[in-house]
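Asker: Okay, predicted coordinates and the sequence, questions at the end:
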Amino acid sequence: MAKTAIRPVDSALRALPAVERILSAGPFAALAAEFGRDRVKEHVVGHLASLRAARAPYDETSALDAVGAALANATSSTLRRVVNATGVIIHTNLGRAPVDDALLAEAAEIVSGYSNLEFDMESGERGARDEHLTALCRALFGCEAAVLTNNNAAGTMLTLAATAAGREVLVSRGELVEIGGAFRVPDVIQQGGAKLREVGTTNRTRARDYAAAITKKTAAILRVHRSNFDIVGFTETPEIAELVELARAKRIPLLYDEGSGRVVDLARYGFATGATLRELIAGGVDVVTCSTDKLIGATQGGLILGSDAIVARIRRHPLMRALRVGKETYAIVAATLRAFATQKHEERIPIYRMLATPLDALRARAEALIHGISTRPERSLARVIESRCALGGGTTPTETIPSIAIEVPGSASETYTRFLRQSIVGRIVDDRFTLEVRTLLGPDLPLCQKALRESAPATR
C-alpha cells in the first residue's frame with residue numbers, strides 16, 4: 001500500500017513545540033520571571049492554539065512578541081498620563097485638577113503606612129474617619145462641621161437623604177441642571193429619597209416663588225450652581241440673603257449645591273466675582289456641598305460643610321458608609337486645603353499656578369518651546385499666537401481669560417491625531433491646531449518640544 005504523503009501544513013502543525021519546551025527557553029523564562037510562570041503558560045497555550053487554527057508554523061521571535069504583548073495588555077491599565085494642551089484648566093475628561101508632586105509626597109507619608117484613619121490617638125480606641133477635616137474646615141470656611149464623600153453628587157444626595165427623605169425639596173426650574181454623563185439634579189434628589197418641588201420658571205425665579213410653595217411637606221430649600229451653562233437676558237434669581245431670611249422664617253434648612261468649590265475669589269484671575277464657600281457659610285447657608293477636584297484643586301471628593309446638627313445627621317445616615325472615602329483621599333484633600341489655609345495655593349496647587357501666570361511669562365514659555373525647531377523662518381513649523389483659556393469643570397461656563405498658544409500649521413485633524421499618538425491633547429480652533437501653553441505642567445514642556453521638532457519640516 002502506498003504511503004500517504006505528508007502535507008506541508010500537517011508537517012508544520014506537528015512541528016509545533018511542546019508548551020514546556022517553549023517555557024524553558026531563555027526568552028520565555030525571562031517573561032515567566034516578570035509575569036509569573038502560570039500566566040505566561042496560559043498565553044503560550046493561547047498562541048499555539050491560534051497557530052493551529054491558522055495552520056501556521058511556529059517562530060520563536062514572533063511567539064515571544066505575541067505572548068509578551070498579550071501579557072502586557074492583560075496586566076496593565078489603559079489609564080496613563082497625558083499632556084493637557086487644550087486650554088481648559090479643569091478638564092473633566094483629562095482627570096480635572098492635577099495634583100502637585102509636593103502635595104502627593106506629603107500625602108504619601110500618611111498613605112504609604114498605617115494611619116489613625118479610624119483610631120483615636122488620645123483614648124487608644126476606635127475613632128471616626130469623618131472628623132479628620134473638621135478643624136481645618138472650621139478654620140478655612142467658618143463652618144461648624146465637615147464631612148468628606150466620594151464626590152459632590154454623593155455629598156448632595158447624602159445631605160438630602162439625611163434632611164429631606166420622604167418630604168419635598170424646593171428647587172428653581174432654572175437650576176434643574178444636567179452635568180456630565182447625563183447625571184441630572186432631579187435624579188440626585190430622587191435617589192436621596194426626597195421629592196422634587198419645582199418653583200419659578202426657567203429664566204425667572206423670585207423669593208416669593210419659594211415662599212408660596214412652602215407647606216408642611218417642605219423639608220428644605222435647595223440652591224444649585226448652574227454647571228456648564230448660564231442663563232442670560234430676561235432673568236432673575238433671588239439673592240442668597242433672601243433665601244436665608246425665608247428659610248429662617250419658615251424654620252427649614254437652606255442647602256446649597258455649590259459644586260465648584262470656590263475657596264478664593266476668582267476676580268483677581270480675570271473672572272467674575274462670586275461668593276466663596278466661607279461667604280456662603282457666613283451668610284447663613286445651613287449646608288454647602290462642593291467638589292474637591294475642581295476649584296479646590298485636589299483629587300476627587302465631595303465636601304459637605306455645615307452646622308453641627310445637620311452634619312451629625314449626615315454622619316449617622318446608613319449611606320455614609322457607602323459614600324465615604326479612604327485614607328488616600330483624606331490625605332490629599334487635607335494637604336490641598338492646608339495650602340489655602342496658609343495662603344500658599346498659588347505656589348502649591350497647579351491650577352492656581354496656571355491662573356496666576358502672567359501673559360509675558362506664557363509668551364516666553366511658548367517662544368522657548370518653538371526655539372530652534374527650524375533654522376529658516378520661512379520653514380518654521382509653529383508660531384506663537386494669542387488665545388483664550390477656560391477654567392473648565394462647569395465652574396465659570398461663559399467666561400474665558402487671555403492666554404498664549406502655539407499654532408502648528410498643516411491639516412488640523414491630521415496634526416491633532418499625530419500629537420495624540422504622543423499623549424499630547426491639543427485643540428482645534430477655526431481649523432487650526434494649537435497647543436495652549438497655560439495648561440502645560442513642567443514635565444510636559446520637553447514632551448511638547450520633542451513633538452514639535454518631530455513635526456517640523458526638514459531643512460537644507
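Answerer: Arrived safely.
Asker: Would you mind finding the longest helix in this structure?
Answerer: helix 37-54 (DSSP state H).
Asker: Buried residues, the helix or strand that that helix is followed by. List them.
Answerer: Sequence-wise, the next helix or strand downstream of helix 37-54 (DSSP states H and E) is helix 60-74. Residues 63, 64, 66, 67, 68, 70, 71 are the ones in helix 60-74 that count as buried (16 or more other CB atoms under 10 Å). In this view, the C-beta of every residue, glycine as well, is placed from N, C-alpha and C.
Asker: got it, and stretch 112-129?
Answerer: Neighbour-count burial for stretch 112-129, with 16+ other CB under 10 Å as criterion, is recorded at 127, 129.
Asker: ok, back up a step: name the residues that touch the longest helix of the chain?
Answerer: Under the contact criterion CB atoms under 8 Å, 6 or more residues apart in numbering, helix 37-54 has outside partners 13, 16, 19, 22-23, 28, 31-32, 57-58, 63, 66-67, 70-71, 74-75.
Asker: Likewise for stretch 74-84?
Answerer: Outside stretch 74-84, the residues touching it (CB under 8 Å, 6+ apart) are 35, 39, 43, 91, 94, 98, 423-425, 439-441, 444, 447-448.
Asker: how far does that stretch stretch from start to finish?
Answerer: With CA to CA, to the nearest Å as the measure, stretch 74-84 spans 27 Å from end to end.
Asker: Do me a favour and average the pLDDT over that stretch.
Answerer: Averaged over stretch 74-84, pLDDT sits at 91.
Asker: and it, how far out from the chain's middle?
Answerer: The chain centre lies 15 Å from the centre of stretch 74-84; the measure is CA atoms, centre = their mean, to the nearest Å.
Asker: Tell me which stretches of the stretch 101-250 of the chain form helices.
Answerer: Applying DSSP state H, counting those that start in this stretch to the stretch 101-250 of the chain gives helices spanning 101-111, 134-141, 152-164, 185-191, 207-213, 240-250.
Asker: for the stretch 201-350 of the chain, what are the low-confidence residue spans?
Answerer: For the stretch 201-350 of the chain, the stretches with pLDDT under 70 are 228-233.
Asker: ok, 80 please
Answerer: Low-confidence segments of the stretch 201-350 of the chain (pLDDT under 80): 226-235.
Asker: wouldn't residue 222 be in contact with residue 188 here?
Answerer: No: using CB atoms under 8 Å, residue 222 is not in contact with residue 188; the gap is 9.7 Å.
Asker: Need the overlap of contacts for these two.
Answerer: Shared contacts of residue 222 and residue 188 (CB under 8 Å, 6+ apart): residue 160.
Asker: Please say which of these two ends up with more neighbours.
Answerer: Neighbour totals were compared for residue 222 and residue 188, and residue 222 leads with 29 against 22 (other CB atoms under 10 Å).
Asker: Show me how the record splits this structure into domains.
Answerer: Residue ranges for the domains of the chain, per automatic domain parsing: 11-74, 100-348, 354-455.
Asker: Which one of those domains lies nearest to residue 86?
Answerer: Closest of the domains of the chain to residue 86 is domain 354-455, at 4.7 Å (criterion: CB to CB).
Asker: Ok, which of the helices of the stretch 101-250 of the chain comes nearest residue 322?
Answerer: For those, the distance to residue 322 is smallest for helix 152-164, at 8.6 Å, taking CB to CB.
Asker: Tell me how far the closest one lies from the chain's centre.
Answerer: 21 Å.
Asker: same question for it, mean pLDDT?
Answerer: Computed over helix 152-164, the average pLDDT equals 94.
Asker: Send me that helix as PDB with only the CA atoms.
Answerer: Extracted as PDB, the C-alpha positions of helix 152-164 are listed here (Å, rounded to 0.1, in the frame of the first residue of the first chain):
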ATOM      1  CA  ASN A 152     -20.200  66.200  45.100                       C
ATOM      2  CA  ALA A 153     -23.200  64.300  43.700                       C
ATOM      3  CA  ALA A 154     -22.800  61.900  46.600                       C
ATOM      4  CA  GLY A 155     -22.500  64.700  49.100                       C
ATOM      5  CA  THR A 156     -25.700  66.300  47.800                       C
ATOM      6  CA  MET A 157     -27.600  63.000  47.800                       C
ATOM      7  CA  LEU A 158     -26.400  62.100  51.300                       C
ATOM      8  CA  THR A 159     -27.400  65.600  52.600                       C
ATOM      9  CA  LEU A 160     -30.900  65.200  51.100                       C
ATOM     10  CA  ALA A 161     -31.300  61.700  52.400                       C
ATOM     11  CA  ALA A 162     -30.400  62.900  55.900                       C
ATOM     12  CA  THR A 163     -32.500  66.000  55.900                       C
ATOM     13  CA  ALA A 164     -35.400  65.500  53.500                       C
END
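Asker: thinking again about what came up before, could you dump the helices of the stretch 101-250 of the chain into JSON lines and include distance to residue 176?
Answerer: Converted to JSON lines, the helices of the stretch 101-250 of the chain look like this (distance: least, CB to CB, whole Å):
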{"stretch": "helix 101-111", "distance to residue 176": "36"}
{"stretch": "helix 134-141", "distance to residue 176": "27"}
{"stretch": "helix 152-164", "distance to residue 176": "13"}
{"stretch": "helix 185-191", "distance to residue 176": "5"}
{"stretch": "helix 207-213", "distance to residue 176": "14"}
{"stretch": "helix 240-250", "distance to residue 176": "17"}
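Asker: Would you mind finding the most buried of those?
Answerer: For the helices of the stretch 101-250 of the chain, average neighbour numbers computed from mean count of other CB atoms under 10 Å are highest in helix 152-164, which has a mean of 26.
Asker: other SSEs contacting that helix?
Answerer: In terms of contacts (3 or more CB pairs under 8 Å, 6 or more residues apart in numbering; DSSP states H and E), helix 152-164 is packed against strand 145-149, helix 185-191, strand 218-224, strand 254-259, strand 287-291, strand 302-306, helix 308-316, helix 319-323.
Asker: let's go with 7 Å and repeat that
Answerer: If you count contacts as 3 or more CB pairs under 7 Å, 6 or more residues apart in numbering; DSSP states H and E, helix 152-164 packs onto helix 185-191, strand 218-224, strand 254-259, strand 287-291, strand 302-306, helix 308-316, helix 319-323.
Asker: Could you export the ones you listed as CSV, including distance to residue 197?
Answerer: Compiled in CSV, those are given as follows (distance: least, CB to CB, whole Å):
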stretch, distance to residue 197
helix 185-191, 10
strand 218-224, 7
strand 254-259, 14
strand 287-291, 18
strand 302-306, 22
helix 308-316, 20
helix 319-323, 22
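Asker: Residue 120: which of those is closest?
Answerer: Nearest of the helices and strands packed on helix 152-164 (CB to CB): helix 308-316, 15.4 Å.
Asker: Can I get that closest one in PDB? Just the C-alpha atoms.
Answerer: Taking C-alpha atoms only, helix 308-316 is exported to PDB below (Å, rounded to 0.1, in the frame of the first residue of the first chain):
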ATOM      1  CA  ASP A 308     -23.200  70.600  63.800                       C
ATOM      2  CA  ALA A 309     -26.800  69.400  63.900                       C
ATOM      3  CA  ILE A 310     -27.200  68.600  60.200                       C
ATOM      4  CA  VAL A 311     -23.800  67.200  59.700                       C
ATOM      5  CA  ALA A 312     -24.400  64.900  62.700                       C
ATOM      6  CA  ARG A 313     -27.400  63.500  61.000                       C
ATOM      7  CA  ILE A 314     -25.400  63.000  57.800                       C
ATOM      8  CA  ARG A 315     -22.700  61.100  59.700                       C
ATOM      9  CA  ARG A 316     -25.300  58.800  61.200                       C
END
